[in-house]
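Visitor: Quick check, what structure comes out for this input:
(chains A and B)
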2 protein chains.
Amino acid sequence: MPTAGILVIGNEILSGKVVDTNSPYLCRELRALGVDVERVLVIPDDVPLIAREVAAMSKAFDYVFTSGGIGPTHDDLTMQGIARAFQVPIERSESIANRLTRAIGSELNESQLKMAEVPRGAQLVDVGDLWFPVVIVENVSIFPGIPELLRKKFESIRQRFKGVPILLKRVYVKRRESEIAESLNDLLGEFPELMLGSYPKIGEEAFHVLLTLESRDAGYLQDALDALLARLPEGSVHKVE
Amino acid sequence: MPTAGILVIGNEILSGKVVDTNSPYLCRELRALGVDVERVLVIPDDVPLIAREVAAMSKAFDYVFTSGGIGPTHDDLTMQGIARAFQVPIERSESIANRLTRAIGSELNESQLKMAEVPRGAQLVDVGDLWFPVVIVENVSIFPGIPELLRKKFESIRQRFKGVPILLKRVYVKRRESEIAESLNDLLGEFPELMLGSYPKIGEEAFHVLLTLESRDAGYLQDALDALLARLPEGSVHKVE
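Guide: Reported below is the predicted structural model:
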């Protein structure tokens, strides 16, 4: 099954000025596609650091997604970092420069032209009505930090990342986690391939713990669900969905 | 100035089932205290991985904060990972076991007693009305994933992390980022110590870019703000706060 790492680049996230909504979005979407996200990392706008982490993630995972640090300002260093990660130069893409000229016209300035600079060998993928393409270098898809643009761009290339979808059942339980922990351990003994999560909720009236059961195999998932329901104390299940 | 790393432990975040609100909270609070958060990393519930990342972060940063993976169930592996990071055994804390016995009484079971197991040498810090203490190992503060509990625990020990607070000014600009990018580069030439952020906003009527200026030095910050306002085109500032 394909794996992924998400690299969020931006001082604004680390300093608490902006909340990163991009990595939660990508985690949800990739899960729905059947891709296992194994790492989310937030780092400052720093070329050597971007280079090191992109190189490491590109080796470790099938797909890498970056968010942030592309644009016309001083702190937009992602393209430089990614070029260094793959030891290629940055160069001006005539294709992007032409699009910039068409979109902006004669007022085009140097800062804007900076946005046409990409690592050599980058693949450019056009996105419907956006004039700026998605830039992909090796297995790294480069997205902007602005959530609306990131989503539009991801949507346009999502079919490239399709794995085997993971099926999910949720069981809401009216007992405390510590009261059912042994049942869960026993269940995992019986179904070692089951992905089982247990999440206590504070402030909920109807249940205390949300259990999630996941598998790529529908039959295995149903058998595990049946076994769990048989193990839980009578009357302890609020609902199953 | 003190630095920090935040390690979020939990498959539920990576699979998109739960949105991590703990790291944004810690980023904001630590910034207000004057601590530089340099890394946020989300990893799965996996002992060798937790051990490796805790060891690396503990060396790299003054403070490390972990969120998640403490509790009575099969996927709560944070204490084991941290013990391995510092090459100490896990052992039962009689102090925590006694609190558990007082809180739960004779119904205390083995799964609950698992919560009394901490790395040898751990420091226990009592938290007001919570029966479970904050556990600190070396420079690593260990927090639960449940946001209400994490906040209560962080609040109780926040004064330990006090640095020199960072002062912030926000300037809302009615131009596009690419139109002011050169002014920003010039400003940074003049004020190299300034922490300057530039964040385009889509869908805002009143402004296009939020600029943030930060410094620990109030005079330096004011000088940089004055210089910025003089550089921006006339009539381009929506507001300053």
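Visitor: which residues of chain A fall in helices?
Guide: A:11-14, A:22-33, A:47-60, A:78-85, A:94-104, A:110-113, A:147-157, A:177-190, A:218-231 (DSSP state H).
Visitor: hey, least reliable of these by pLDDT?
Guide: With a mean of 81, helix A:110-113 has the lowest mean pLDDT of these.
Visitor: And that helix, what's buried?
Guide: A:111-113 (16 or more other Cβ atoms under 10 Å in any protein chain shown). C-beta here means a position set from N, CA and C on the backbone, and glycine is covered the same way.
Visitor: gap between the residue nearest in space to the middle of chain A and A:Gln112?
Guide: Centroid-nearest residue in chain A, with Cα atoms, centre = their mean: A:Leu26, separated by 3.2 Å. From A:Leu26 across to A:Gln112, the span is 27 Å (Cβ to Cβ, to the nearest Å).
Visitor: Just give the closest residue to A:Leu210, not the sequence neighbours.
Guide: A:Tyr199 (4.6 Å; Cβ to Cβ, 6 or more residues apart in numbering or on different chains).
Visitor: Measure how buried that neighbour is and give me the count.
Guide: 19 (other Cβ atoms under 10 Å in any protein chain shown).
Visitor: do the one 3 residues further on as well
Guide: By the other Cβ under 10 Å criterion, the neighbourhood of A:Ile202 contains 9 residues.
Visitor: Just put the helices of chain A in CSV and tack on distance to chain B.
Guide: CSV is the format used below for the helices of chain A (distance: least, Cβ to the nearest Cβ, whole Å):
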stretch, distance to chain B
helix A:11-14, 5
helix A:22-33, 3
helix A:47-60, 9
helix A:78-85, 14
helix A:94-104, 8
helix A:110-113, 3
helix A:147-157, 5
helix A:177-190, 3
helix A:218-231, 13
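Visitor: mind giving me the domain split of chain A?
Guide: The record's domain split for chain A, according to automatic domain parsing, is A:3-161, A:167-240.
Visitor: Quick check: end-to-end length of the shortest one?
Guide: Translated: domain A:167-240. Domain A:167-240 stretches 14 Å from its first residue to its last (Cα to Cα, to the nearest Å).
Visitor: Please report the distance of A:Met115 from B:Ser183.
Guide: Computed as Cβ to Cβ, the A:Met115 to B:Ser183 distance reads 17 Å.
Visitor: Oh, that last question was meant for A:Leu213, not what I typed.
Guide: For A:Leu213, the distance to B:Ser183 equals 55 Å [Cβ to Cβ].
Visitor: neighbour count winner among these two?
Guide: More neighbours surround A:Leu213 than the other of A:Leu213 and B:Ser183, with 23 against 20 (other Cβ under 10 Å).
Visitor: Pick the most deeply packed of the domains of chain A.
Guide: Comparing the domains of chain A by mean neighbour count (mean count of other Cβ atoms under 10 Å in any protein chain shown), domain A:3-161 ranks first with a mean of 19.
Visitor: per-residue confidence for A:Asn109?
Guide: At A:Asn109, pLDDT is 80.
Visitor: So it versus B:Pro233, what's the distance?
Guide: A:Asn109 sits 13 Å away from B:Pro233, going by Cβ to Cβ.
Visitor: got any residues that touch both of the two?
Guide: B:Glu179 (Cβ atoms under 8 Å, 6 or more residues apart in numbering or on different chains).
Visitor: per-residue pLDDT, A:His74?
Guide: According to the prediction, A:His74 has pLDDT 78.
Visitor: residue contacts, it?
Guide: A:His74 sits next to B:181, B:184-185, B:188, B:196, B:198 when contact means Cβ under 8 Å, 6+ apart.
Visitor: Ok, A:Leu168 next?
Guide: A:Leu168 sits next to A:212-214, B:17 when contact means Cβ under 8 Å, 6+ apart.
Visitor: mind redoing it with 6 Å?
Guide: By Cβ atoms under 6 Å, 6 or more residues apart in numbering or on different chains, the contact set of A:Leu168 is A:Glu214.
Visitor: ditto for the one 4 residues further on
Guide: Taking Cβ under 6 Å, 6+ apart, we find A:Tyr172 in contact with A:207, A:210, A:238-239.
Visitor: Looking at the residues you listed, which one is closest to B:Glu155?
Guide: Lowest distance from B:Glu155 to the contacts of A:Tyr172 (Cβ to Cβ) belongs to A:Leu210, with 25.9 Å.
Visitor: and the closest one, what are its bridge partners?
Guide: A:Leu210 forms beta bridges with A:Tyr172, A:Tyr199, as assigned by DSSP bridges.
Visitor: Is it correct that it is in contact with A:Pro200?
Guide: No: with contacts counted by Cβ atoms under 6 Å, A:Leu210 stays clear of A:Pro200, the gap being 8.1 Å.
Visitor: that older thread, farthest pair within the contacts of A:Tyr172?
Guide: Maximum pairwise distance in the contacts of A:Tyr172, criterion Cβ to Cβ, is 10.3 Å, between A:Leu210 and A:Lys239.
Visitor: how deep is the nearest residue to A:Arg216 once chain neighbours are set aside tucked in, by neighbour count?
Guide: Nearest non-adjacent residue to A:Arg216, counting by Cβ to Cβ, 6+ apart: A:Val164, 5.0 Å away. Neighbours of A:Val164 under the rule other Cβ under 10 Å: 12.
Visitor: what's the closest of the helices of chain A to A:Phe132?
Guide: helix A:94-104 (7.1 Å).
Visitor: Would you mind writing the CA trace of the closest one as PDB?
Guide: What follows is helix A:94-104, C-alpha atoms only, in PDB (Å, rounded to 0.1, in the frame of the first residue of the first chain):
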ATOM      1  CA  GLU A  94       9.500  29.700 -19.800                       C
ATOM      2  CA  SER A  95       6.100  28.000 -19.700                       C
ATOM      3  CA  ILE A  96       5.300  29.500 -16.300                       C
ATOM      4  CA  ALA A  97       6.800  32.900 -17.200                       C
ATOM      5  CA  ASN A  98       4.600  33.000 -20.300                       C
ATOM      6  CA  ARG A  99       1.500  32.300 -18.200                       C
ATOM      7  CA  LEU A 100       2.500  35.000 -15.800                       C
ATOM      8  CA  THR A 101       2.900  37.500 -18.700                       C
ATOM      9  CA  ARG A 102      -0.500  36.500 -20.100                       C
ATOM     10  CA  ALA A 103      -2.100  36.800 -16.600                       C
ATOM     11  CA  ILE A 104      -0.400  40.000 -15.400                       C
END
